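S.K.: I'd like to go over a predicted model; first the sequence, then the structure.
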Amino acid sequence: MSKSLTPEKINDALNKVYDKVKKKKTGKVASYIPELAKVDPKIYGIVIVTCCGKVYKIGDFKKTVAIESIAKVFTLCMALQHHNKDHIIDKIGTQTSFLPFNSVLALRLSDNHTINPFVNAGAIATASLVKGKTKKSVWKNIHDNMNNFAGKKLKVSEKTYKSEMKTNEHNVALAYLLKSYGKFYNDVEDTVDVYTRQGSVMVNALDLATMASCLANDGVNPRTNKRVFKKKYIPFVLSTMLGGGVYEYSGRWMNEVGIPAKSGVGGGLIGVVPGKFGIAVVSPPLDKHGNSSKGVATFRELSRRLDLNMFHEKAECQMKNKNRKCI
């Protein structure tokens, strides 16, 4: 990973990548949720927020979309702070999956059934771990947490929420199936309602990049200087993102981009470069995996131009230096 990133280099990369990727006409907006099918497919914005709070932006960075599955990252953070890492590993797990994010077959075949916090089954179960005496208090905890990461109050799209609730039978079925396996930890109907509402929060690229930058900055929001997450849990969140943040595309993502990431079918995609910055792209048309098509292309180009891939780090071999002892 490059250690010589400069403002000029970042701005140059943003402009060149934006101009190149903007011309691509690939992917289709999510149509299985009626309200998402109405989103403007031409929206395309990129934002980088550094660990010192500097913002680099280009394109439609103010245009909002539903956060959808990106919310799973921050609900996982909430569940970690209400419990601990070992509890989440035991109750949810960290398995990878080559099947679609809403697969019933994956749930049934998996040893732990919940699979991981980012497929729908595991994400709904993770939401069921968030503490609160009532559905309203659970939702308040989740929403306040997302607001802290974004550094502002995020609005919920009631139209998106109602649209999703009308087509939510599959998620309800997943939750009840998990309950039959003893892998659900709160009321099913209430939890699915909260889970659906969290995905209906509206965000733009600046909001998402700010949220991602908190994970890059040891749990401190660099724009508000407020601690929003415990530093000790960040490696767990980032490694889980790397292993399954872009669903069954995650293996290829590790090779081509090589940074922790999470996508949402609203068209958002976030990435975290630890100790440096958070990146977000908003572009609604999706590829066959459910990831933003332009988002994936943007991250691929930015990773190459800025040398962000953590697996490309070049380390000097200890044996090449005769003055060093072999270890």
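M.R.: Structure received. Numbers count the residues shown, from 1 in each chain.
S.K.: which residues touch the closest residue in space to Asn204 that isn't next to it in sequence?
M.R.: Leaving aside its sequence neighbours, Asn204 sits nearest to Thr64 (CB to CB, 6 or more residues apart in numbering; 4.9 Å). C-beta here means a position set from N, CA and C on the backbone, and glycine is covered the same way. Each residue near Thr64 by CB atoms under 8 Å, 6 or more residues apart in numbering is listed here: Met202, Val203, Asn204.
S.K.: can I assume the second one is in contact with Leu154?
M.R.: Looking back up the chat, that one is Val203. Yes - the pair Val203 / Leu154 is scored as a contact, 6.3 Å apart, by CB atoms under 8 Å.
S.K.: so for those two, which sits in the more crowded spot?
M.R.: Neighbour tally, Val203 and Leu154, criterion other CB atoms under 10 Å: the higher count belongs to Val203, 28 against 19.
S.K.: what about the residue lying closest to that one once chain neighbours are set aside, neighbour count?
M.R.: Nearest non-adjacent residue to Val203, counting by CB to CB, 6+ apart: Ile67, 4.8 Å away. Ile67: 29 surrounding residues under other CB under 10 Å.
S.K.: am I right that Ile67 is in contact with Asn204?
M.R.: No - counting by CB under 8 Å, Asn204 is not a contact partner of Ile67; they are 10.1 Å apart.
S.K.: returning to what we had before: could I get the contacts of Thr64 as JSON lines with distance to Met78, pLDDT and secondary structure?
M.R.: Shown next, in JSON lines, are the contacts of Thr64 (distance: CB to CB, whole Å; pLDDT from 0 to 100; DSSP: H, G, I helix; E, B strand; the rest coil):
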{"residue": "Met202", "distance to Met78": "19", "pLDDT": "98", "secondary structure": "strand"}
{"residue": "Val203", "distance to Met78": "17", "pLDDT": "98", "secondary structure": "strand"}
{"residue": "Asn204", "distance to Met78": "22", "pLDDT": "98", "secondary structure": "coil"}
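S.K.: still on that earlier bit, how near is the residue nearest to Val203 to Ala150?
M.R.: The spacing between Ile67 and Ala150, counted by CB to CB, to the nearest Å, is 10 Å.
S.K.: overlap in contacts, these two.
M.R.: Jointly contacting Ile67 and Ala150 under the rule CB under 8 Å, 6+ apart are Val203.
S.K.: so what's Val265 up against?
M.R.: Ala30, Ile33, Leu36, Glu68, Ser69, Leu286, Gly290.
S.K.: out of those residues, which one has the lowest pLDDT?
M.R.: When the contacts of Val265 are compared by pLDDT, Ile33 scores lowest at 88.
S.K.: was I right to think that residue contacts Ser163?
M.R.: Yes - contact status for Ile33 versus Ser163: in contact at 5.7 Å, counting by CB under 8 Å.
S.K.: my read is Ala30 is in a helix, agree?
M.R.: No - assessed with DSSP: H, G, I helix; E, B strand; the rest coil, Ala30 is coil; it does not lie in a helix.
S.K.: list the contacts of it.
M.R.: Applying CB under 8 Å, 6+ apart to Ala30 gives the contacts Leu36, Ala37, Val265, Gly266, Pro284, Leu286, Gly290.
S.K.: how about 7 Å then?
M.R.: With CB atoms under 7 Å, 6 or more residues apart in numbering as the criterion, the residues that contact Ala30 are Leu36, Ala37, Val265, Leu286.
S.K.: can I assume the second one sits in a strand?
M.R.: No - with three-state DSSP as the criterion, Ala37 is located in helix rather than a strand.
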